[in-house]
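*Asks:* the sequence and its predicted three-dimensional model are supplied below.
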Amino acid sequence: MDGTTGARWASQWGVDPQWIMVDLGATAQIDEIKLQWEAAYAKDYKVQVSNDQSNWTDLYSRTNSPGGVDIQGVSGSGRYVRVLGTKRALTNYGYSILELEVYGTLGTSEPPPAPSEDSHLLSLKRPAYASSQEGNNSAELAVDGTTGARWASQWGVDPQWIYVDLGATAQIDRVKIQWEGAYAKDYKVQVSNDELTWTDLYGRTNWAGGVDDQALSGSGRFVRVLGTKRALSAYGYSILEFEVYGTGGANKPPLQYGPNVALNRTATASSTSQSLPPGNAVDGNASTRWNSVATDDEWISIDLGSTRTMGRVVLNWEAAAGRVFDVQVSPDGSQWTTVYRTLHGAGGKQDIPLYASGRYIRMKGYARATGHGYSLFDFEVYDYVEGHPKPTYTIPALPTASTIQVGQGSYLTNDYKMPQPQYPRYRADTLKAPLPSNDWWQSLLIKPLGDMIVTQPLKSKFFNQGLGILTPGAGYINGDKSAVNADGNPDLYLMANTIDTSKMANRVTGYGDWSVDSVLSDDATDKLKVTFVKGSPYLYTQFSDPNSVELYSARITQILDDQGAAILTTDGASVTTDRLAVKVSNPDGGGTLRTRYYGLFAPAGTVFRKVGPKIKIQLGGGQGYLSLAALPSAADLSYFHQHAYAFVTGTRVSYLFDEASAQLTTTFTLTTQLKRTGFSDQTLTALFPHQWKSSGSPLTALTYPSVRGTLKVREGNTFFTTNRFQGIVPQFTEPNNPEYSRALMSQYLLTLERETANIKPAADAYWQGKALHPLAMGVLAAEEIGDTVYRDLFLSRLKPLLTEWYTYTPGEKDFFFYYNPDWGTTYYRVSEFGANTGITDHHFTYGYYVFASAVLAAYDANFRTQYGSMVDHLIRDYANPTRTDPLYPFFRNFDPYEGHSWAGGYADNNNGNNQEAAGESLFGWVGQYLWGVVTGNTSFRDAGIYGFTTELEAVEQYWFNYDGDNWLPEWPHKTVGQVYGSSNFYGTFFSGAPVHIYGIHWLPTSEYLTSYGFNPTKVASLYDGFVTDNGGPETSWQHVVWPIQSLSNPQAVLAKWDATPVQKNELFNTYWFVHNMASLGQRSADVWATGGASATVYKKGSTYSALVWNPTATALPVTFKNASGTTGTATVPARSLVRVNPLQNN
């Protein structure tokens, strides 16, 4: 640094690392570094800056440098600059620099004071706001404490900003920004106390990226990074972590526990698996782990070396976590005392405060969260620090398993070693089991903030910024046209600014049939309560502090009054009103900019004030309510205003089946509380296509686009739908078309006999159910051809399988049902698809059992008497028509508003819940209906009628788009494989083959499938769509595809009939179905049976035929009707399935 290359600095030889530092005398803004290396140059080195000679920040670095002259433009600030060499070019020498030159502007003051001892991270998990975001890279990801996620702005736009609310005024002494590759070249770090006026803390020009760690001195509540020039012109700005340090703010200083006293101590365990020893849990390396064998009773213990008083234990679990476990301490490693126990371990990183003494500490596992062993990345222990809390825990008793006798059957309960669903921990204490699952809001019960709550036309989710709100519309098709997604980043966020976001969580406080109440808060106060209502354009919110309300959005382009005039056009402007509209322009998930409108409706005298990207709201009169609505247009503000104060407090569905007319009437009733006199107590509700197409209730002209199709708005607190129940029978009578052969049918029944000769119980009840189905269908088919030998043989194979499952024998491993009291649900131990841990697919599985049980009970009265109550348990689990059942919720799997079932237990997906197998879902209703017919249980029968009739309409609308008006016109397929709350997907969970995507909705094969074929043209289009997507006719799953094709063209199936490729245990069933379509024709809605009879009507040419099933012990009179009146009658003998002419008296 002498200004000449005639002399040089050289380090000692052969030693790494080495450094040279220059003191600039005062803090300087540095913009260029010039290094002139001698021959002994550094291959790898860093150039760093500091204000205290202790904490160094990289300006830039080099690897594999070629030496010579290094001239680098930089942007940095500091008093000290050093070159840190880490790898020499000449291994026998040292490092040698001819000249080190630093350029920039020297400051005139000393550097800011060093951070105080109380300085701590103020920004962690605080609310963060941004001018925009790219994809899912939202602002709160920059303050989440991990560099595994990031905030990113939209691409190609300057300026952009992100700021964090520290919760209260803070003295700021340090800001650290960890830039991602898309960094800012020019930016400022600013501070504010009101989110309007910003003061620069410091600025950078020509910044080189990386980490900007700056000591400084400033004061304020809000800290902002304002980017004015991007490093990558094609992209935006991206920050991995934005950290603000100091004192004050809302985040309290963390408790200081000192070092991890378990680090590198001796660890032992009950077992080790996969060569992952217990020492890995105490090595301080979060990438290594201990793993036990896959049994429940396992432990890991640590010898701390001496007796210690422990104040904290941290268990960092791998996915294979402990669900039920103790933390125990011991003086000698032999005598253990339990100081903590959980029966509902949540996994992840569990930070457990303690106050306990001992030399040894262990995790004693009783039950695992997965089918694997226990696996811990880290087991950390910290000493107690005087002054910290001294927690004590009440140790709950381990549950005692018990067997519940039900008739001659039984089930197991209260066994903590059984697989368990996720615990519904986020709820009010008053909310007791049985709890509904498999709906659209249950993610709120299992996650602190839940996932997206898809109510249509709205879609909402709790974020750190508050309740994020979006009106996603009809969605967009993805690139390969395999999905329609109605998504995007929220348009708005609604929040109570009194909530400490580092501590907040939601709790569910109540629910209706299609509504739920949830509170977002950081304590027991209901700081922000939200009522979500399926089909409602409104969100109803209540605040404990009327002055805490904030609406945040960087996407608001205009704020309007009820005359459509722009208001709040400048920062700081305010208006006193009870309503306003906001116009939002926000790209959807596909990148298309969408314009949407929202209305805000408040008490009289409310003050709205624009503050940067926020509208701060003081609710008038000290009242704490506010409703928000998605508006079809800004012109609708006044109309929605009239109904905005009718807060929905309850939702209830009821249904009535009229035996005399076979008419099903479903009534939807909303209860409201009027918040403001002089306004309507009637709410506005958006009806789904399956509803408004079947409703006689008057509708307005207002509509919303949605992924389900057009939603139409009704004014009023009630509406109804009506549908005709066209009947269900379990099987066909023997066909009489000339192509049919009884002899061939007998051969196919022989094939079924051989395929089931060695049938044994299956551990997974779903696969057991699919094995039961051919046997049950075979019983009925054998009966129809007069083959009592096969009938009785198949019955003899059905009964032991069912009674095995309907009976729990203490100690047995599988083939029984288990009742979980946390949710109020019945499931089984082994489930490939999560029926146990995820409460998934119960209606799919149990439909098979109930159908087979109905068939068996029709022939075996003793089975019905002895095991019927166990069948009732399955029905009560998935489709319970009773609201007061102490064990099971009302209609677990069925969404009464959306009109179909959901398969997922928790709706823990940002596209909402999902359902794949429409056919198996319908078949669940078939089983329930037939069981009700067999047992005379009209409650079950009518629930089956309600569910089947409603869901059939929904399947035809949302899975098949039979009317051609619900899907985007460019959707290229004739089906969707999976329906989500805000998405349609062409695929399945197990395959992308067209035959599976279509076929999953066409099974199991049974008479109910003919309901797809009331309109032969529509079902033919469905089959033709499959052939197009498949690139030709079916080459597999013929037992699934051919019945569907036969609904419109049985002769085409008969012409290509070949038994060879057909699944053997379904061969008879496929043959029987196709020939019955050739014999009967198509389903007809012209004529129907009354009196509650199990009957269906067909038409071939001008000839009508009716199938009637009477499983009872007495003759059954049936009356047939059409739109003009009675067409015919029949008296059906006991225990028979008959074919009659419904146009005459039989």
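*Replies:* Nice, I can see it.

*Asks:* helices of the stretch 1001-1146 of the chain, residue ranges please.
*Replies:* Here the stretch 1001-1146 of the chain has its helices, by DSSP state H, counting those that start in this stretch, at 1016-1030, 1038-1046, 1050-1055, 1067-1080.

*Asks:* so residue 837, which state does it fall into?
*Replies:* Secondary structure, DSSP: H, G, I helix; E, B strand; the rest coil: residue 837 is coil.

*Asks:* burial measure for it, as a count.
*Replies:* Per other C-beta atoms under 10 Å, the neighbour tally for residue 837 reads 17. All C-beta atoms are positioned from the backbone trio N, CA, C, and that covers glycine.

*Asks:* for it, give me its contacts.
*Replies:* Contacts for residue 837 (C-beta atoms under 8 Å, 6 or more residues apart in numbering) come out as 419-422, 831.

*Asks:* can you put these in a markdown table and add pLDDT and secondary structure?
*Replies:* Listed next are the contacts of residue 837 as a markdown table, based on pLDDT from 0 to 100; DSSP: H, G, I helix; E, B strand; the rest coil:
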| residue | pLDDT | secondary structure |
| --- | --- | --- |
| 419 | 96 | coil |
| 420 | 97 | coil |
| 421 | 97 | coil |
| 422 | 97 | coil |
| 831 | 97 | coil |
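
*Asks:* circling back to that earlier point, for the helices of the stretch 1001-1146 of the chain, which one sits closest to residue 296?
*Replies:* Closest to residue 296 of those is helix 1038-1046 (C-beta to C-beta; 40.3 Å).

*Asks:* and the angle from the closest one to helix 1016-1030?
*Replies:* 140 degrees (axes from the mean of the first three to the mean of the last three C-alpha atoms, to 10 degrees).

*Asks:* and whichever strand or helix holds residue 310, how far out from the chain middle?
*Replies:* Residue 310 belongs to strand 298-317 when elements are defined using DSSP states H and E. With C-alpha atoms, centre = their mean, to the nearest Å as the basis, strand 298-317 stands 35 Å off its chain's centre.

*Asks:* who wins for most neighbours among the contacts of residue 837?
*Replies:* residue 422 leads the contacts of residue 837 on contacts (other C-beta under 10 Å) with 24 neighbours.

*Asks:* that one contacts residue 906, correct?
*Replies:* Yes. Using C-beta atoms under 8 Å, residue 422 is in contact with residue 906, at 6.7 Å.

*Asks:* what is in contact with these two at once?
*Replies:* Counting by C-beta under 8 Å, 6+ apart, the residues touching both residue 422 and residue 906 are 446, 838.

*Asks:* show me the domain layout of the chain.
*Replies:* 9-106, 120-248, 266-383, 652-701+712-723, 742-1083, 1088-1140 (automatic domain parsing).

*Asks:* mean pLDDT lowest where, among those?
*Replies:* Lowest mean pLDDT within the domains of the chain: domain 9-106, a mean of 90.

*Asks:* max pairwise distance over the contacts of residue 837: which two?
*Replies:* Between any two of these (C-beta to C-beta), the greatest distance is 14.4 Å, for 422 and 831.

*Asks:* quick check, residue 954 in a helix?
*Replies:* Yes. Assessed with three-state DSSP, residue 954 lies in a helix.

*Asks:* so it makes contact with residue 902?
*Replies:* No. With contact defined as C-beta under 8 Å, residue 954 does not count as touching residue 902 (11.4 Å).

*Asks:* who's more crowded, these two?
*Replies:* residue 902 (27 against 24).

*Asks:* I'd assumed residue 940 was in contact with residue 931.
*Replies:* Yes. Under the criterion of C-beta under 8 Å, residue 931 makes contact with residue 940 at 5.9 Å.

*Asks:* okay, and the common contacts of the two?
*Replies:* residue 875.

*Asks:* where exactly do the strands run in the stretch 101-250 of the chain?
*Replies:* Along the stretch 101-250 of the chain, counting by DSSP state E, counting those that start in this stretch, strands occupy 120-121, 128-130, 151-152, 160-179, 184-192, 199-204, 211-230, 238-248.

*Asks:* just checking, what packs against the first one?
*Replies:* This means strand 120-121. On a contact count with 3 or more C-beta pairs under 8 Å, 6 or more residues apart in numbering; DSSP states H and E, strand 120-121 meets strand 238-248.

*Asks:* swap in the fourth one?
*Replies:* Applying 3+ C-beta pairs under 8 Å, 6+ apart, one finds that strand 160-179 makes contact with strand 128-130, strand 184-192, strand 211-230, strand 238-248.

*Asks:* roughly how far out does the shortest one sit from the chain middle?
*Replies:* Right, the one you point to is strand 128-130. 24 Å.

*Asks:* thought residue 660 was touching residue 1092?
*Replies:* No. Counting by C-beta under 8 Å, residue 660 does not reach residue 1092; the two are 9.4 Å apart.

*Asks:* please say which of these two ends up with more neighbours.
*Replies:* Neighbours were counted for residue 660 and for residue 1092 using other C-beta under 10 Å; residue 1092 has more, 20 against 10.

*Asks:* show me what contacts residue 819?
*Replies:* Going by C-beta under 8 Å, 6+ apart, the list of residues near residue 819 reads 404, 411-413, 825-826, 873, 887.

*Asks:* where does residue 469 sit, in terms of helix or strand?
*Replies:* Using DSSP H and E, residue 469 falls in strand 466-470.

*Asks:* paired strands for the helix or strand that comes right after that strand, with orientation please.
*Replies:* Next helix or strand after strand 466-470 toward the C-terminus (DSSP H and E): strand 476-477. Sheet pairing for strand 476-477, assigned by DSSP bridges, gives strand 483-485 (antiparallel).

*Asks:* ok, back up a step: in its sheet, which strands sit next to the strand holding residue 469, and in what direction?
*Replies:* When DSSP bridges is applied, strand 466-470 pairs with strand 459-463 (antiparallel), strand 492-496 (antiparallel).

*Asks:* want to throw those strands into CSV with distance to residue 711 and mean neighbour count?
*Replies:* Output for the strands paired with strand 466-470, formatted as CSV (distance: least, C-beta to C-beta, whole Å; neighbours: other C-beta atoms under 10 Å):
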stretch, distance to residue 711, mean neighbour count
strand 459-463, 13, 23
strand 492-496, 20, 26
